[in-house]
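Engineer: Need a 3D model of the sequence below.
(one chain, ligands or ions: 1)
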Amino acid sequence: MSLTFASRIDGTRIRCLIGTDRPLAAPTLCFSLMAAPRVISGGTLVRRVAGYAEVALPDLVPGVEHEVVLEHANKEFGPRNRAWLPLGAYLRVGNACLPLPPGNDPGLRAAEGPFAPPLPADRLPLVPQPTEWKPSGGTLDFTALAPVAGMAGVSDLAARLGLSPLVAPGGLALAVTEDAALGAEGYRLTVAPSGLTVAIGGPAGLHYAGITLLTLRETCDGQLPCGTITDKPRFGWRGQHLDCARHFFGVEFILRLLDLMALLKLNRFHWHFADDEAFRLEVETQPLLWQRTAFRGEGELVPGVFGGGIRAGGSYSKADVAKVVARARALQIEVLPEIEVPAHSHAMIKAVPGLRDPGDNGEEVSVQGYLDNIVNPAVPATWDLLVPLAREVASLFPLGILHLGADEAPHGAWGGSPAVAALKAREGLSTSDDVQGWMLARLAGELGASGIRVAAWEEAAKGCQGGIGHGALLFSWTGQGPGIEAARRGHDVVMCPAQHAYFDLAHSPDPDDWGAAWAGFVPLEKTVAWDPVPTGAEDIAPRIAGVEACFWGEFTTEDAQAEGMIAPRILGIATRGWEPAGTTDGPMLRALAGVYAPLFDRIGWQRHRGA
Ligand code: ACM
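Structural biologist: Coordinates of the predicted model:
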């Protein structure tokens, strides 16, 4: 049997055309949109969970295309580009599920983009730019280093990237000396006609000197410019986040992302494996979490929200975690796990009984359209689950920090819960923010007693009792204001403002582009058009731990689709995390992206070429 499916944006509406070469009696069209849909014509909405919908259709007749017209229920979500069209669409006919072809070409379309200006001669073809570069004239012919202790991470990286060996018999000797004044991650690399010398502050410094040598060999065609590079990062936290809950990214993709991060001297991988749609870590404290939610789709606890289609998903074993952690460590990267509570917990609530107050008659709706996505801190089952779960997850990651989540509690959360009403009276709380703050502080206290530091999204600072407290590391994502406020109240902060650092946002307003748009568009230039310590906030500079880019997976259906969303924009976060403000501006980053384009191609990482 042959089915056809096409969809297109028509103003605020989405027009879908379904064709069949066999008669189909009363099929149901199942699909997901970026947010809750409304059916304008062509069928009747019979079920909806967040952006997932089932629409009863009339009988379909061969040779006659049937049109279904949709709209996002919230008019603010006018469709912006192809990512906003139906994803994971299929027809249910009786007990059979018939996949529909993608309604449009899914994923990134890499049109050739704007001209990349040449890199000025006084710049090294290197991202991030070093703190100081003093050229001395001439070049050094460089193919490989002679075997040198402490370079295994970089030489293994070169091999995995398909680049020629960085360390080989007969290679150039690298003379290594120590200079504690360079700091743990700093190095001073001298390239002279007579050879290479490096001074390091510690093992990480040698690793980064190796990354610099490897990169310059590739970008200078084996002719290293002679001179001295003195280099160290501005920030200790230089992160990349990956949402593996909405889309299950295979371990191989994660390992490749770690390699790309390492090439750009990023050093924190934020692993977001739990959200409304799935809990993917194979924990022992509560196996139902992943056993019941790792896959979503037809007949599963969570239907095909966000492109899940008939069935999609997977889980990460402890062996997978060990592999990711070991690879990361070899690349000077630490892994931050996130368990995501109290909101964004629809999957957790579906999998484990008792996490809601049975008397709760509230009607709160999450931003993504869920009616039940927040666990209740006033019922014992929540604590019975969360404390051992958090301890187990944290124990798998050497960093010693656990991200609890805490973003986007639905407005009015727990308003209908008698158990929370009693909690409020007992603890002197009034609003949902107060309740969330109290809950997070309690959880942070329990974990702190086990030597685990907590992290959370910016909302965790809210609440009449001061929010999460306990030295939590907070992530400022709606902008930089909440991070500045939290820093002034004594928190360490990682800046990940969506307007500059969310790589799931479309690069441009082009309807043929791909991605979300709630915080605007993020062309390459915007990824460096900000300062993590903005003017006027110099007083809290010591509290800004660093920066992080986020990639959310709501509309990702294949791992490879993320590549062109991440590259070349990852050059921008690497720049902001390492360089002092003012070194690389947008046009300079565009020039550097031009230099890196052949390198991305050589290592087989797709890049967005437009915008
Ligand atoms: C977030 O983007 N909700 C942290």
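Engineer: Tell me the residue of the stretch 201-350 of the chain that sits nearest the ligand?
Structural biologist: H344 (7.7 Å; Cβ to the nearest ligand atom). For glycine as for every other residue, the C-beta is placed from the backbone atoms N, C-alpha and C.
Engineer: confidence score at the closest residue to H247 other than its chain neighbours?
Structural biologist: In space, and not counting its chain neighbours, H247 is closest to G553: 3.5 Å by Cβ to Cβ, 6 or more residues apart in numbering. Looking at G553, its pLDDT reads 97.
Engineer: Based on its surroundings, how many neighbours for D504?
Structural biologist: When neighbours are defined as other Cβ atoms under 10 Å, D504 has 25 of them.
Engineer: That one contacts Q561, correct?
Structural biologist: No. In this structure D504 lies outside contact range of Q561 using Cβ atoms under 8 Å: 10.4 Å.
Engineer: could you measure F249 against Q223, distance?
Structural biologist: F249 sits 37 Å away from Q223, taking Cβ to Cβ, to the nearest Å as the criterion.
Engineer: Same question for V251.
Structural biologist: V251 is 37 Å from Q223, where distance means Cβ to Cβ.
Engineer: same check, this time on A245
Structural biologist: Using Cβ to Cβ, we find A245 at a distance of 45 Å from Q223.
Engineer: Between those two, which is the more surrounded one?
Structural biologist: A245 (27 against 13).
Engineer: Tell me the helix or strand right after the helix or strand hosting A381.
Structural biologist: Following DSSP states H and E, one finds A381 within helix 380-395. Using DSSP H and E, the helix or strand that directly follows helix 380-395 along the chain is strand 401-405.
Engineer: Now do that next one against helix 380-395, angle only.
Structural biologist: Put simply, strand 401-405 runs at 140 degrees to helix 380-395, going by axes from the mean of the first three to the mean of the last three Cα atoms, to 10 degrees.
Engineer: what's strand 401-405 packed up against?
Structural biologist: Contact analysis of strand 401-405 by 3 or more Cβ pairs under 8 Å, 6 or more residues apart in numbering; DSSP states H and E lists strand 334-341, helix 380-395, helix 432-448, strand 453-457 as its packing neighbours.
Engineer: The next helix or strand along the chain from the shortest one: how far from the chain's middle?
Structural biologist: Tracing the chain past strand 453-457, the next element assigned as helix or strand by DSSP H and E is strand 473-476. Taking the mean of its C-alpha atoms, strand 473-476 sits 15 Å from the chain's own mean (Cα atoms, centre = their mean, to the nearest Å).
Engineer: near the ligand at all, strand 473-476?
Structural biologist: No. Judged by Cβ under 6 Å from any ligand atom, strand 473-476 stays clear of the ligand, getting no closer than 7.1 Å.
Engineer: Tell me how far A175 lies from K232.
Structural biologist: 20 Å.
Engineer: Looking at those two, which is more packed in?
Structural biologist: Each of A175 and K232 has its neighbours counted (other Cβ under 10 Å); K232 has more, 20 against 11.
Engineer: Could I get the pLDDT score of the closest residue to the more buried one other than its chain neighbours?
Structural biologist: With sequence-adjacent residues excluded and distances taken as Cβ to Cβ, 6+ apart, K232 is closest to G186, at 3.3 Å. pLDDT recorded at G186 is 98.
Engineer: And for G103?
Structural biologist: 79.
Engineer: quick one: what helix or strand has the closest residue to it other than its chain neighbours in it?
Structural biologist: Among residues not flanking G103 along the chain, S7 sits closest, at 3.4 Å (Cβ to Cβ, 6+ apart). If you go by DSSP H and E, S7 is part of strand 3-10.
Engineer: tell me what that strand is packed against?
Structural biologist: Under the contact criterion of 3+ Cβ pairs under 8 Å, 6+ apart, strand 3-10 touches strand 13-20.
Engineer: sorry, back to before: looking only at pLDDT, what's the mean for the helix holding A381?
Structural biologist: Rounded mean pLDDT across helix 380-395 is 98.
Engineer: ok, now stretch 474-482?
Structural biologist: Stretch 474-482 shows an average pLDDT of 98 in the prediction.
Engineer: same question, stretch 129-141
Structural biologist: pLDDT averaged over stretch 129-141 gives 98.
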